[in-house]
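Chemist: Okay, predicted coordinates and the sequence, questions at the end:
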Amino acid sequence: LAQDQLRLREHLSRRGHDSRRFFAGAADRWDAMRAELYGELFPSAAISALLPSDWIVADLGCGTGHVAEELARRVRHVIGVDHSGEMLEAARRRLSEAGNVELREGDLEELPIEDSSCDAALMLLALTYVADPARALTEMLRIVRPEGRVALIDLLAHGREDFRLSMGQKHLGFAAEQLAGLLEQAGACNVETHFLSPEPRAKGPALI
């Protein structure tokens, strides 16, 4: 038995060295390898699992319900708002089995949601479509409780007028200082802005 235990320890030690050698040689290309082998979505799934399960979250400009579907697995209730009836119909089909998602038709500048009724709100790739971004952000802050959180992703300021026209957008994105200023004017505290690294296959403007 003692001889077998010695052999086992030696075998496990060699296996540990093998993994260390692998990562020592793969460090420079690991990100690309991991994305190619396992995709790029699983870190987001792990991070979203950290959301408090009792939260009510608003998905503003919810579109076809892609994000609402993911949120519904993590939080108590999701309120999706979009001004497009066609988008909401697609969202209803996607979310037909999700019992904790409520879809409402309305404008982001006049949200059909009560004051301070949400713990958090998301607005993803929607602000460039709004005529009055300041008003939309004020509405976003209105529906979130004072200690709640908001997250916003949209286009970084760019000069591609052809892209704006083809996408039906009203704005050429937002500079970091501009977006932070709009959020602070709307009443947000502790505002942070970050540039998102463009994904290799993404053809549109960079995001913030």
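Modeler: Everything's here; your move.

Chemist: show me the contacts for residue 161.
Modeler: Contacts for residue 161 were tallied using C-beta atoms under 8 Å, 6 or more residues apart in numbering; they are residue 172. C-beta coordinates here come from the backbone N, C-alpha and C atoms, glycine included.

Chemist: What score does it have for pLDDT?
Modeler: Note on residue 161: pLDDT of 94.

Chemist: Equivalent analysis for residue 56, please.
Modeler: pLDDT recorded at residue 56 is 98.

Chemist: any idea which helix or strand carries residue 25?
Modeler: Using DSSP states H and E, residue 25 sits within helix 2-26.

Chemist: With residue 134 instead?
Modeler: helix 133-142.

Chemist: and for the helix or strand just after that helix, what are the contacting residues?
Modeler: Next along the chain after helix 133-142, taking DSSP H and E as the criterion, comes strand 144-153. For strand 144-153, contacts defined as C-beta under 8 Å, 6+ apart pick out 58, 116-125, 127, 137, 140-141, 179, 183, 188, 196, 207-208.

Chemist: Tell me the strands beside strand 144-153, with direction?
Modeler: Applying DSSP bridges, strand 144-153 is found paired with strand 118-124 (parallel).

Chemist: Let's see the strand it pairs with as CSV, backbone CA atoms only.
Modeler: Provided in CSV are the C-alpha atoms of strand 118-124 (Å, rounded to 0.1, in the frame of the first residue of the first chain):
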residue,chain,number,x,y,z
CYS,A,118,-37.2,48.5,-10.0
ASP,A,119,-34.0,47.5,-8.3
ALA,A,120,-32.0,47.9,-11.6
ALA,A,121,-32.5,48.9,-15.2
LEU,A,122,-30.7,48.1,-18.4
MET,A,123,-30.6,50.0,-21.7
LEU,A,124,-28.7,48.2,-24.3
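
Chemist: now that strand against helix 133-142, angle please.
Modeler: 150 degrees (axes from the mean of the first three to the mean of the last three C-alpha atoms, to 10 degrees).

Chemist: burial count for residue 172?
Modeler: Close neighbours of residue 172, defined as other C-beta atoms under 10 Å, add up to 16.

Chemist: roughly how far apart are it and residue 123?
Modeler: Taking C-beta to C-beta, to the nearest Å as the measure, residue 172 falls 18 Å from residue 123.

Chemist: Same check on residue 148?
Modeler: Residue 148 is 14 Å from residue 123, where distance means C-beta to C-beta.

Chemist: Please identify which of these two sits among more neighbours.
Modeler: Neighbours were counted for residue 148 and for residue 123 using other C-beta under 10 Å; residue 123 has more, 23 against 18.

Chemist: OK, contacts around that one?
Modeler: When contacts are counted by C-beta under 8 Å, 6+ apart, residue 123 touches 60, 61, 108, 136, 140, 150, 151, 152, 153, 154.

Chemist: Any of these buried? List them.
Modeler: The neighbour-count test (16 or more other C-beta atoms under 10 Å) marks 60, 61, 108, 136, 140, 150, 152, 154 as buried among the contacts of residue 123.
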